[in-house]
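Q: Predicted model, plus sequence, below.
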Amino acid sequence: MKVLLLNQFFHPDHSATAQIETDLALDLAAAGIEVTALAARGSYLGGDTLPARETWRGIEIHRLAATSLGKRTLAHRALDYGSFYVSATLELARLPRHDAVVALTTPPLIAAAGLVAKTFKRSRLVYWVQDLYPEVAVAFGALSPRSAATRAMQATSRQVLRASDRVVVLGEAMRDRAVEGGATPERVAVIPNWADGEAVKPLPHAENPLRAELAGGASCLVMYSGNIGRGHDVETLVGAARLLRDRADVSFLFLGEGAKRLELQLAARDLPNVRFGPYQPRERLAASLSAADLHLVSLSPGLVGLLEPSKLYGIMAAGRPALFVGPAATEVARTIEREGCGCVVANGDARGLADAITSLAGDAPTRDHMGRRGREALVARYDRRLATARFRDLLLGLAHPDPA
């Protein structure tokens, strides 16, 4: 079977979609599937130029010419998106047929380019939804609900959802939104994002080379690791840090980049208990995540079913409790409640978040219990190899449908 993966970013890029897609590519290749990845030559943050062609661990990587201005402004991002749309569509028309095209959502609705392969080469199209557009852009205020651009994107989204042979979503709320948007219910599969439980394992503080550096002398390190983007509620997080500013034993560390990082830095500029650092490379992730005592995850209100933070699964792999600030109907909140691996706090409830941190900071046995439950659940239900095996079976089912 031949599978083409379509996304703006791929290995060695550190963006979330690049990493999750790379995991899938490696596991599909290990299962004997021929994998080609179609991506841009630039990086998530802009500026880099990667080789146009590369064979890496059995995966053929085709990197296309496109602008690489990065995420500094919406205009820069739009130019990067537009140039990749054009290059990807032309490359899909040129390439030989693949049995299936798996299209992610960077840039938004790049799956529409996958319709070229479906229409003219009879490839099966799998739409792997990480976020739903244009609804996300409207929720962020980047698009007006009734603008011409929004209506055009809505029409394209409906066409892609209807035409896709399978639509893979991250949770039940997203499944409902995809069906509302035009997907056939029987074609929608829920496969949450994952973490690699072999690569990320709990590491005791005494054995962790990063603990002293990252904790900064605090006995309870509260960490936010990953993208600090438009969809994340940073106001509640910094509000809790402000309430705990006089607690010398509690320190907040934000590791990552994104559209809201500067806003967060400005809001916390007078807080001695808040520090910032860069994205952590994958090879340091086990030690980095394990260095924390508590982890923060957040999602802004109004985004239920439109996107899902995937950082929860790395936290579970590291065996640490997760404190989620966001709507209770999200897959993240449901998973935390179902697995008993942390706490859920409503948007805007900085006092509730501060109280949860205070309670758990002084209760190591409960932290350990939550962390163990998260790790056990990850291994049993959310591990990389379990999830990619479901993807493999889905793709093989499309290539060799049951005659019944």
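A: Thanks, I have it. Numbering: from 1, shown residues only.
Q: Okay, domains of the chain per the record?
A: With domains defined by automatic domain parsing, the chain comprises 2-194+383-399, 205-381.
Q: Just the element for residue 296, please.
A: Secondary structure from DSSP states H and E places residue 296 in strand 294-298.
Q: Now do that strand: which elements does it pack against?
A: Applying 3 or more C-beta pairs under 8 Å, 6 or more residues apart in numbering; DSSP states H and E, we find strand 294-298 packed against strand 220-225, helix 234-243, helix 311-317, strand 322-325, helix 350-361. C-betas here are computed from N, CA, C, even on glycine.
Q: can you give me the strands in the stretch 251-400 of the chain?
A: 274-277, 294-298, 322-325, 342-345 (DSSP state E, counting those that start in this stretch).
Q: The stretch 101-250 of the chain too?
A: Applying DSSP E, counting those that start in this stretch to the stretch 101-250 of the chain gives strands spanning 124-128, 166-169, 188-190, 220-225, 250-255.
Q: chain center to the shortest one, what's the gap?
A: Right, strand 188-190. Offset of strand 188-190 from its chain centre (C-alpha atoms, centre = their mean, to the nearest Å): 17 Å.
Q: Paired strands for that strand, with orientation please.
A: Paired strands of strand 188-190, with direction, are strand 166-169 (parallel) (DSSP bridges).
Q: if we can go back for a sec, including mean pLDDT, distance to residue 308 and mean neighbour count, could the strands of the stretch 101-250 of the chain go into TSV?
A: Converted to TSV, those look like this (pLDDT from 0 to 100; distance: least, C-beta to C-beta, whole Å; neighbours: other C-beta atoms under 10 Å):
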stretch	mean pLDDT	distance to residue 308	mean neighbour count
strand 124-128	98	13	25
strand 166-169	98	9	25
strand 188-190	98	11	17
strand 220-225	98	16	24
strand 250-255	98	20	23
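Q: quick revisit: who wins for proximity to residue 253 among the helices and strands packed on strand 294-298?
A: strand 220-225 (5.0 Å; C-beta to C-beta).
Q: angle of the closest one against helix 350-361?
A: 120 degrees (axes from the mean of the first three to the mean of the last three C-alpha atoms, to 10 degrees).
Q: pLDDT below threshold where in the protein?
A: Applying pLDDT under 70 to the chain flags residues 45, 47, 70-74, 401-404.
Q: at 50 what do you get?
A: Residue ranges of the chain with pLDDT under 50: 404.
Q: so where's the longest helix in it?
A: Longest helix in the chain, counting residues (DSSP state H): helix 74-94.
Q: for that helix, which positions count as buried?
A: 77, 80-81, 83-85, 87-89, 91-92 (16 or more other C-beta atoms under 10 Å).
Q: So which of those residues is the closest to residue 101?
A: Nearest to residue 101 out of the buried residues of helix 74-94 is residue 92 (C-beta to C-beta; 7.5 Å).
Q: Could you single out the most deeply buried of the helices and strands packed on strand 294-298?
A: Most buried of the helices and strands packed on strand 294-298, by mean neighbour count (mean count of other C-beta atoms under 10 Å): helix 311-317, with a mean of 28.
Q: Report the distance from it to the chain centre.
A: 11 Å.
Q: Name the residues that touch that helix?
A: With C-beta atoms under 8 Å, 6 or more residues apart in numbering as the test, helix 311-317 has contacts from 192-197, 200-201, 225-226, 285, 289, 295, 297, 321-322, 324, 332, 335-336, 339, 341-342, 374-375, 377-378, 382.
Q: now those residues: which count as buried?
A: Using 16+ other C-beta under 10 Å as the burial test, these include 192-197, 200, 225-226, 285, 289, 295, 297, 321-322, 324, 332, 335-336, 339, 341-342, 374-375, 377-378, 382 as buried.
Q: ok, back up a step: which helices and strands sit right next to the longest helix of the chain?
A: With 3+ C-beta pairs under 8 Å, 6+ apart as the test, helix 74-94 has strand 2-6, strand 34-40, strand 59-64, helix 111-121 packed against it.
Q: and the angle from it to strand 2-6?
A: Using the same axes, to 10 degrees: helix 74-94 against strand 2-6 is 160 degrees.
Q: in terms of contact, does residue 349 touch residue 236 like I think?
A: Yes: under the contact definition of C-beta atoms under 8 Å, residue 349 touches residue 236, with a separation of 6.6 Å.
Q: which residues do the two both contact?
A: residue 325.
Q: State the distance from residue 231 to residue 17.
A: 14 Å (C-beta to C-beta, to the nearest Å).
Q: nope, residue 358 is what I was after
A: According to C-beta to C-beta, residue 358 stands 35 Å off from residue 17.
Q: Out of the buried residues of helix 74-94, flag the one nearest to residue 310.
A: Residue 310 has its nearest neighbour among these in residue 77, at 20.1 Å by C-beta to C-beta.
Q: which residues touch residue 327?
A: By C-beta under 8 Å, 6+ apart, the contact set of residue 327 is 299, 301, 303-304, 333, 347.
Q: Can you redo these as a markdown table, where the extra columns are neighbour count?
A: Shown next, in a markdown table, are these (neighbours: other C-beta atoms under 10 Å):
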| residue | neighbour count |
| --- | --- |
| 299 | 22 |
| 301 | 12 |
| 303 | 24 |
| 304 | 21 |
| 333 | 25 |
| 347 | 16 |
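Q: Residue 103: which of those is nearest?
A: residue 303 (21.5 Å).
Q: need the contact list for the closest one.
A: So residue 303 contacts 136, 139, 231, 327, 330 (C-beta under 8 Å, 6+ apart).
Q: Noted, bye for now.
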